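> any chance you can model this:
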Amino acid sequence: MLPILILQTGGPPQAVGDVYGGFDRMVSEVAGLDPAGLVRVAAYKGERPQAPTRYRAALITGSRANVTDHAPWSEACAGWVRDAMDASLPLFGICYGHQLISYALGGRIDYLEGGREIGTRPVELTSAAREDPLLAGMPAMFAAHFIREQAVLEPPRGAVALAVNDRDPHQMLRYGPNAVSVQFHPEFTAPIMRAYFDVMRSGLDAEGIDVQALRAGVAETPASHAILRRFFESTGTIPGAGKASAAAA
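As a prediction, the model looks like this:
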């Protein structure tokens, strides 16, 4: 069986990674993936993935970098995304991965108006989501974890918004039958989100962000987790009933 690609565009702060592992571990634990069936490619360190046809699915992680930096490794990943879309590879993007997929397909990325979005915040499904097989049975509104400064300001032509909130009308996008991305972090648990606040406290304080209040508001996000697992189930990447997973959330 072909492996699942975890295309790493960055990693968590060391203090977070030392306890909870890298994004690959976070994803595999939440999505129920067998770590032995994963291939990890650290694109931000100059590693290059193989052709999309060498994988049965791919996930593009978050990053502390910005898509608008146009780093050579990131531009190479954008080209790989276009190849993956041509090959109809099941593709899921998270945060930076969300922005990278949109950028690769012609969308516009820039800084989020009003500053950083961070913490556990509500997300609402759109009317289009009610017709989307990935999201059938999901609650209309659910909590998700955030940590980002940039956003998809203009999605690529043909992309469909599946989730929104008061900060962003493009919290989740579908690009085709097998490709979706989310701005939030479905791989984060509540302890991971709190750990980010602990690591970033001094910098957030300097931005005038009430870290104590946001940290106190951190909660578990089972519906967000369900979206990640359900993606792999619905594309046949792992066995299971996606609708059952979502309903259970």
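
> list the buried residues for the longest helix along the chain?
What stands out as the longest helix in the chain, according to DSSP state H, is helix 190-206. Under the neighbour-count criterion of 16 or more other C-beta atoms under 10 Å, helix 190-206 has 192-197, 200, 204 buried. Yep, even glycine has a C-beta here, placed from its N, CA and C like the rest.

> how far off centre is the following helix or strand past it?
Per DSSP states H and E, helix 190-206 leads on to helix 211-216 as the next helix or strand towards the C-terminus. Taking C-alpha atoms, centre = their mean, to the nearest Å, one finds the center of helix 211-216 at 23 Å from the center of the full chain.

> following the helix or strand hosting Met85, which helix or strand comes up?
Here Met85 sits within helix 72-86, counting by DSSP H and E. In the C-terminal direction, the helix or strand that comes right after helix 72-86 (DSSP H and E) is strand 91-94.

> now that next one: average pLDDT?
For strand 91-94, the mean pLDDT works out to 98.

> pull up the pairing partners for that strand, direction included.
strand 57-60 (parallel), strand 179-182 (parallel) (DSSP bridges).

> can you put the ones you listed in CSV and add distance to Ala104 and mean neighbour count?
Listed next are those as CSV, based on distance: least, C-beta to C-beta, whole Å; neighbours: other C-beta atoms under 10 Å:
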stretch, distance to Ala104, mean neighbour count
strand 57-60, 10, 26
strand 179-182, 11, 25
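
> who wins for proximity to Glu131 among those?
Closest to Glu131 of those is strand 179-182 (C-beta to C-beta; 13.9 Å).

> one step back: and the buried residues of helix 190-206, which two are furthest apart?
Ile192 and Leu204 (16.1 Å).
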